[in-house]
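Chemist: Would you be able to build a 3D model of this:
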Amino acid sequence: MQIYKVGGAVRDRLLGRPVTDIDRVVVGADAEQMLALGYRPVGEDFPVFLHPQSGEEYALARTERKSGRGYGGFTFHASPDVTLEEDLIRRDLTINAMAEDDQGTLFDPYGGQRDLAARVLRHVSPAFAEDPLRVLRVARFAARYAPLGFSVAEETLALMRQLAESGELAHLTAERSWKEISRALMEPRPDVFVQVLRDCGALAALLPEVDALFGVPQPAAHHPEIDTGVHVLSVLQQCAEHEQPLSVRWASLLHDVGKGLTPAEQWPRHIAHEHLGLNLIQAINERCKVPRDCAELALLVGEFHTHGHRARELRASTLLELLQRFDVFRRPQRFAEFVAACEMDARGRLGLEQRDYPQAAYLLGAAEVARQVAVKPLLEKGHKGAELGEALNRERLNALKAYKEREQA
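Modeler: Numbers count the residues shown, from 1 in each chain. The predicted model follows:
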């Protein structure tokens, strides 16, 4: 029985990156031996055990065989006869197919170290093309390691294209897809994730509404980059540089999908694209089973991001309606995330990445002014029920009018 560290723990140590999760594989043992040593079994698909003291995971070396469609369409075989090389060859990328024993001896049968040095993401074997989830995983790794100069090998991209064209991506569960998408959006270069998916045809299969934005022009006066898809990539890059949360990144990815519905004869203008995009955003949220906070913000940003850009032009009454739509009096954080998404949208334009966005301070200031209107004096005046609500709205509107006058003075 031999135990090895495998995968990301080895890869990241060799890259000089912090090692967080440590995966271990056990060669030369079976389930009975693990149980006899006090390990606790977990996992339904293949034998994984928890260490009796540390609680860390130890997986028996295994092989796999394609038996159906999608990510779950595999049968696994674990036995003491499975070698380390047989276990490693079923992994996705060469840089993830290295192992290390307790003495620090490196086992690298498939050239992972070579590809680390060359900054290449390369598949281990042709079996890569049996698992559609690997398309998303490789794109996510590309987003993580792009700042280090990594790119996807052409032959691996070809297999990813083969998977995208096969229809296999349709057999991924929404939960598995969202897990990869959400993780990828939080990587240092989420724009690279989207670009790699597009390069292999997977974006058209997974998020056709976003794929449709590439090649759609916008007015050069507002969008020097012209192409709507390129703009979305730039907005995602700004989100990463400004360390925005997942909800803002998801909303930023979808904020302009309505422009994909604009008839070509109306280009480069996109009249009412905000409202046209709402049904698309709703459909994407449902299809991907997006968590509620991300789904709601995406819809609100899609509908109101141009309000954000025109914040100083809005009448006090429109400003109050905007704050009410966001439920800013109970959920101020959601409005702050909306403002952040608007700023990322404004910065995600060629040559305008560093420009100031005074609308952010103006909108947040307006929200604070409206929230500071006290209810107690109105109650003391005898207002109650619907009358109280109307009186509160009047006071908030007056406060916003005064704020607007001060800001414009």
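Chemist: Could you pull out the buried residues of whatever helix or strand residue 324 lives in?
Modeler: Following DSSP states H and E, one finds residue 324 within helix 316-325. Within helix 316-325, the residues scored as buried using 16 or more other CB atoms under 10 Å are 316, 319-320, 322-323. In short, each C-beta sits where N, CA and C put it, glycine included.
Chemist: Next: stretch 381-393.
Modeler: 383, 391-393.
Chemist: what angle sits between the next helix or strand after the helix holding residue 324 and helix 316-325?
Modeler: Sequence-wise, the next helix or strand downstream of helix 316-325 (DSSP H and E) is helix 332-347. Interaxial angle of helix 332-347 relative to helix 316-325 (axes from the mean of the first three to the mean of the last three CA atoms, to 10 degrees): 120 degrees.
Chemist: can you dump the C-alpha coordinates of helix 332-347 into CSV?
Modeler: This file holds the C-alpha atoms of helix 332-347, laid out as CSV (Å, rounded to 0.1, in the frame of the first residue of the first chain):
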residue,chain,number,x,y,z
PRO,A,332,-28.7,48.3,0.7
GLN,A,333,-26.0,45.8,-0.3
ARG,A,334,-27.9,44.8,-3.5
PHE,A,335,-28.0,48.4,-4.6
ALA,A,336,-24.3,48.8,-3.9
GLU,A,337,-23.6,45.8,-6.1
PHE,A,338,-25.8,47.3,-8.8
VAL,A,339,-23.7,50.5,-8.7
ALA,A,340,-20.5,48.4,-8.9
ALA,A,341,-21.8,46.6,-11.9
CYS,A,342,-22.6,49.9,-13.6
GLU,A,343,-19.1,51.2,-12.9
MET,A,344,-17.6,48.0,-14.3
ASP,A,345,-19.7,48.5,-17.4
ALA,A,346,-18.5,52.0,-17.8
ARG,A,347,-14.8,51.0,-17.4
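Chemist: on that earlier part again, packing partners of the helix holding residue 324?
Modeler: Counting by 3 or more CB pairs under 8 Å, 6 or more residues apart in numbering; DSSP states H and E, the packing neighbours recorded for helix 316-325 are helix 292-309, helix 358-371, helix 385-408.
Chemist: could you redo the last one with a cut-off of 10 Å?
Modeler: Contact partners of helix 316-325 among helices and strands, from 3 or more CB pairs under 10 Å, 6 or more residues apart in numbering; DSSP states H and E: helix 292-309, helix 332-347, helix 358-371, helix 385-408.
Chemist: which other residues reach that helix?
Modeler: 300, 303-304, 307-308, 310-312, 314-315, 328-329, 332, 335, 338, 362-363, 366-367, 369-371, 393, 396-405 (CB atoms under 10 Å, 6 or more residues apart in numbering).
Chemist: now it, how far from the centre of its chain.
Modeler: When distances are taken as CA atoms, centre = their mean, to the nearest Å, helix 316-325 is centred 30 Å away from the chain's centroid.
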